[in-house]
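1. sequence and predicted structure are below.
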Amino acid sequence: MLALTLLAGVSGAVAGAGDNLNVPVPVHQRETLGNGLRLILVPRHDIPLVAFDLLLRGGARFDPPGRAGTAALVADLLTHGAGARDAYAFADAVEGAGGFFDAEAREEAIQVRGQFLARDSLLMLELLGDAVLRPHFAPEELENLRARRIEGLKAGKASAPQSLLPSYGRALLFAGHAYGRPVGGSEQSLAQITRAELSGYYAAQTGADRATLVIAGDFNPARISRQVAAVFGAWSRAPAALPPLAEPTRVHGRRVLLVDAPGSAQTYLWLANVGLPRRYPHRAALNISSTAFGGSFGSMLNQELRVKAGLSYDASASFNRGTVAGEFAISSFTQTENTARALELALATLARLRHDGLDAARIDSARSYLLGQYPLALETVTDWAVAFAELDLYGLPESYIGQFGTELAKVDTGAIRAVIDEAYPAAEDLDIVLIGDAARIRDAAAKFGPVTTMPLAAPNFSPAADTR
Amino acid sequence: MNSEPPPTSTARRTGRLWPAALCAAAVLLPLLADAAAKAQPAPMSFAAAGDAIRTHTLANGLQVIVWPDHRVPSVALFNWVHVGSRNEGTGTTGLAHFFEHMMFKGTARRPEGEFDRLMEANGARNNASTSQDVTVYQDWFPRSALELVFDLESDRLANLSFEPQSVEKEREVVYSERRLRIEDSNPAFLDEQVQATAFLAHPYRIPTIGWPSDIRSWTLDDLQGFYHRWYAPNNCTLVLVGDVEPEQVFALAEKYYGSIPRGPAAQPVRTVEPEQTGERRFTIERNGQNPLVQIAWHAIAADDPRAPALNLLQTILTAGDASRLHRLLVEDRKLAVEVDSGWSEGFDPNTYSVYATLAEGASPAQFEQALYAELAHVLDAGVTPQELSRARNQVAAAFWRGVSTLDGKARLLGEYAVLHGDYRKLFAAPAAYERASGAEVLAAAREVFKPEHRTVGVLLPRAGVEH
């Protein structure tokens, strides 16, 4: 019954604010170690779990030219042999405690995440310290992980072609920019990465002043703070400060990349242009507009392509926002012979949004939907660890979460009109990627812009060899 | 590393269409905390975690289960309808899943589109999924939308209308879903063929999304007949978790569901799969670069007392990088780039499958040989105490992850209430897992891994495809 008392205690706090629009940001404490590591502790005792999220600022943007996947392999290797444990012993320690522990590269960070039973929090910190400070980079593990990544990319082409659209699309849209490189590498670039390049990346792009560690869950803050200092206190700073990322520029006109998948049962579509950064000031209006346009089942895109036309099981659109502007992209798929029809409908729906804007009913509906759903993304200790870490990565204030409801409530039709004009590309200015059977859709594709064709089986994501 | 806690699904109206998806769930299902509790008292004991749950059964047979949880001002409502593709027959395969799609169309009271429009305008998200055993309708919403959701859910259970035009459009949507999930996916295509080969008689041979010719030919009559036969309050289990009070929920259930008449008793699936008496094997060729192997053995039903032992075995064999088959076949022998296994826990005995993706050019025969040798070793020597302890801790932690969200609680309660026959078994599971001994795990392995009970499917990249 202790449990229920605790739950009731928490509920008092939330229920009091229940008719408030905002999700309260939980009590937490922040400190910065002498070496620059930023620590955020979020104690919560309702369930005996502890979660952490450690972000190392840098990530895949520092992959050497022609070596996309370097940060991804570095991240893989952090958990495959570190400290006194080889790869098997590390996995055995994690799984033996029923834990979860993972490291992966993103465009602008290496993210190390985990979750353990509360009684194992000391083991968790020991493993985290080993992974980040004392990875082995064992040559045989590098070869294993390289092979698994390469074969995984090949197998993905025959199991989930839709998941590859952003890799092809970003290579086209952000050519020459860090956002254009495939974070997980290509078959070609992965094959060329050397162990020396991995060590070089690790030496140059990791260090305490690049790191933010959030720990959330069932622990004693004073005790865990001392333990973190003991584990990470001697970590040195990174050799250099982070340079700013260049601002990507929008494309004008259309280009079509046709990725030939002979025998494919349908065509997978992706239409995009450069969108907005994470720190875009009118984020509540942006979220309302993108929910109404392509972010929910009742959105304009899904209504047109799925519900009214029966052309697809799914059609959606979203903004991927980083330190600088990522892409706005529409994504769907359709039976091969309907390729042109689905593309035309997607373009017409985008043009309609830009021309007509959103009416008050749609705005109110999207607002209610976001207000109703956003508490459900902030339920668990893992949710909160990730949320605090993301705020820190992009330099956003806590009010980004804690005042989101209030911000949503303020959005009016004028704000929506302004966001649509600023954020959404013209239907004439898009990079388009089609994965499908080229022999059957080449003519249809040509109606939408100059077409470049490459085979799905090619070992990289752009028609020109990846030599950047 | 270890499998990640499942994210909240963002897919819409997806079916849990192939066992691979169910397996991932199966690892997380049966869970317990005793291992954790014994080592150090947890702030909340597993046995006590469900004390706040209340149930109520309406006169028309609708069972309602409520688990109050006030941490966020939200509610998850899942309606578990006790019908899946195992209740289908020749000519109408895929009907349960297609019907799931039709449940989002209009009713006698509301035109098509109103259901989703009202849901979203009131902050609610919804989805549904169909499996071999059940169809589950899911709503996640702010507590302010509780009465509206009751109104909408009860309306479509009682008053669904069937417009010929929307049936035809939805037929195309479902075919698009089949292309996405099966026809453009080598692992799913192989699984469909393995399942259809492993079962000769029992309807677990039917792919949940349906055979193409049946998707093309369902009729309005088929849909209406299905509705009247299966969609009745006495064939549903309604689970609510979140910022609600039981008495309030029971009053709403009486108000909105109380007048819906009881339907016919559900017809049992009579067919029992006859014992397989020899290995079945096939090879198919598809576009792609990597060979795939899937081997399915006939196993047991969800409510079988040996289920905890089989789930521990599954965890020991393939859950995580320290697991036995991953270690041997991926890391040491490098015969596969990925190996997984799982078992669909259903009303009737289903198969236990091992799935493998091989490197380009690798030999399925070598993989099979190494796999069978390792399984023979398990049958001979059993599993180690260290493996057993690791597996118990993995399922214990998975329990706490499972009950850390409204969605996870609604899923677990429904799975135990419907597939295991009583939600209280969820809270008895810890003791069952703690009791499952190495000898019982070995007995489960011996029960399942019989060569004459297996079906082997091999998918080879089509010769002559330009790489």
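-> Yep, that arrived.
2. nearest residue to whichever residue of chain A sits closest to chain B other than its sequence neighbours?
-> Closest approach between chain A and chain B, counting by C-beta to the nearest C-beta: A:Gly372, at 2.0 Å. No exception for glycine: its C-beta is placed from N, CA and C like everyone else's. Nearest in space to A:Gly372, with sequence neighbours left out and distances taken as C-beta to C-beta, 6 or more residues apart in numbering or on different chains, is B:Gly123 at 2.0 Å.
3. how about A:Ala361?
-> By the measure of C-beta to C-beta, 6+ apart, the closest residue to A:Ala361 outside its immediate chain neighbours is B:Ala121, 7.8 Å from it.
4. OK, contacts around residue 98?
-> Defaulting to chain A. Each residue near A:Gly98 by C-beta atoms under 8 Å, 6 or more residues apart in numbering or on different chains is listed here: A:Phe116, A:Leu117, A:Asp120, B:Ala35, B:Ala36, B:Arg390, B:Asn393, B:Gln394, B:Val395, B:Ala396, B:Ala397, B:Ala398.
5. wait, chain B
-> Contact analysis of B:Phe98 by C-beta under 8 Å, 6+ apart lists B:Glu170, B:Arg171, B:Val174, B:Gly210, B:Ile215, B:Trp218, B:Leu223.
6. B:Gly225 too?
-> Contacts for B:Gly225 were tallied using C-beta under 8 Å, 6+ apart; there are none.
7. per-residue confidence at it?
-> The pLDDT attached to B:Gly225 in the predicted structure is 94.
8. could you say which helix or strand holds it?
-> In the assignment (DSSP states H and E), B:Gly225 maps to helix B:220-230.
9. CA-only coordinates of that helix, as PDB, when you get a sec.
-> Listed in PDB are the C-alpha atoms of helix B:220-230, where the atom choice follows Å, rounded to 0.1, in the frame of the first residue of the first chain:
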ATOM      1  CA  LEU B 220     -20.600  -6.300 -47.800                       C
ATOM      2  CA  ASP B 221     -22.500  -9.400 -46.600                       C
ATOM      3  CA  ASP B 222     -19.200 -10.900 -45.300                       C
ATOM      4  CA  LEU B 223     -18.600  -7.800 -43.300                       C
ATOM      5  CA  GLN B 224     -22.200  -7.600 -41.900                       C
ATOM      6  CA  GLY B 225     -22.200 -11.200 -41.000                       C
ATOM      7  CA  PHE B 226     -18.900 -10.800 -39.200                       C
ATOM      8  CA  TYR B 227     -20.100  -7.800 -37.300                       C
ATOM      9  CA  HIS B 228     -23.200  -9.600 -36.000                       C
ATOM     10  CA  ARG B 229     -21.400 -12.700 -35.100                       C
ATOM     11  CA  TRP B 230     -18.400 -11.200 -33.200                       C
END
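10. identify all contacting residues around the helix or strand containing B:Tyr355.
-> With elements taken from DSSP H and E, the one containing B:Tyr355 is strand B:351-357. With contact meaning C-beta under 8 Å, 6+ apart, strand B:351-357 is reached by A:151, A:155, B:19-20, B:23, B:187, B:191, B:194-195, B:198, B:204, B:290, B:292-299, B:310, B:314, B:317-318, B:325, B:329, B:336-344, B:367, B:371, B:448, B:455.
11. any idea how far B:Gln276 lies from B:Lys334?
-> With the distance defined as C-beta to C-beta, to the nearest Å, B:Gln276 ends up 32 Å from B:Lys334.
12. for B:Ser323, same thing?
-> Relative to B:Lys334, B:Ser323 is positioned 16 Å away (C-beta to C-beta).
13. what about those two, which has more around it?
-> A side-by-side neighbour count of B:Ser323 and B:Lys334, using other C-beta atoms under 10 Å in any protein chain shown, places B:Ser323 first with 26 against 15.
14. please report how far that one lies from B:Ile65.
-> For B:Ser323, the distance to B:Ile65 equals 34 Å [C-beta to C-beta].
15. again with B:Gln132
-> Counting by C-beta to C-beta, the gap from B:Gln132 to B:Ile65 is 23 Å.
16. quick one: which of these two has more around it?
-> Looking at B:Gln132 and B:Ile65 with other C-beta under 10 Å, you find the greater number of neighbours at B:Gln132, namely 28 against 24.
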